[in-house]
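Student: Here's my sequence, what's the structure:
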Amino acid sequence: MPSWVWVLIAIAVVAVLAVAVWRALARRRTGRLQQQFGSEYDRTVGKADSRRDAEAELQAREERRRQLEIRPLSQTARDRYLQNWRGVQAQFVDDPRGAVASADSLIQSVMAERGYPVEDFDQRAADISVDHPQVVENYRQGHRLAQASTNGGDSTEDLRKAMRQYRALFDELVDPETEQPMASEQRSNGDVAARDRNQTARRRVR
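Tutor: Alright, predicted model coming up:
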């Protein structure tokens, strides 16, 4: 068989292997993002032109989140915000629209103290979606209802819904039990812990 035929066969094999590897990596990326973002993954895919574009957006969110120095609240700050929220709830009885506006402002204050940028709502939601994907849609819905209130669509029931939606995110932002690292950080921390265990075991053997 001529040598050039073998060259073509080799090129074809390499191409097939490259496609197989690319597909495997794509499936792995998809699985990781689905696990990280949950229903937010489906929402983003539904709004994007393609799955690839959606996954690129989610990966960009993760990369931006890595650049942020997100920190937990101190116990003093946590107690202060919980007390402020109780005040907002009490305000709702006499001033539902004002209470919703106060709830929105309070959430922004919590986010700012924890290290999230708060200048733009869409960016706030995108940043929050990385750490709190289960409740970010609650935040969006609460914001939409609050915006409708400022435009005259201020039924008490809608305002009550907005408060409930805001509360879902507020609880996660102030609750230390929800302080879970990103999936990539979890893997990194797991790798570090495994190395520490291995080093400890080696020292014991010596």
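
Student: Show me the shaky parts of the protein.
Tutor: 1, 5-6, 152-154, 177-206 (pLDDT under 70).

Student: where do the strands sit along it?
Tutor: For the chain, no strands are identified by DSSP state E.

Student: isn't V118 right next to M111, touching?
Tutor: Yes - between V118 and M111 there is a contact under Cβ atoms under 8 Å: 5.3 Å. Using the backbone N, CA and C atoms, a C-beta is placed for each residue, glycine as well.

Student: more neighbours, these two?
Tutor: Taking other Cβ atoms under 10 Å, V118 and M111 do not tie; M111 has more neighbours (18 against 15).

Student: Can you pull the residues that touch both of V118 and M111?
Tutor: Common neighbours of V118 and M111, using Cβ atoms under 8 Å, 6 or more residues apart in numbering, are R124.

Student: elements contacting the longest helix seen in the chain?
Tutor: For the chain, the helix with the greatest residue count under DSSP state H is helix 3-37. Counting contacts by 3 or more Cβ pairs under 8 Å, 6 or more residues apart in numbering; DSSP states H and E, helix 3-37 is packed against helix 39-47, helix 51-67, helix 121-131, helix 183-205.

Student: For the shortest one, which helices and strands make contact with it?
Tutor: It stands for helix 39-47. Packed next to helix 39-47, using 3+ Cβ pairs under 8 Å, 6+ apart, are helix 3-37, helix 51-67, helix 136-150.

Student: T44 is nearest to which of these?
Tutor: T44 lies closest, by Cβ to Cβ, to one member of those: helix 51-67, at 4.5 Å.

Student: buried residues in stretch 19-31?
Tutor: Going by neighbour count (16 or more other Cβ atoms under 10 Å), the buried part of stretch 19-31 is T30.

Student: neighbouring contacts of that stretch?
Tutor: R51, E55, Q59.
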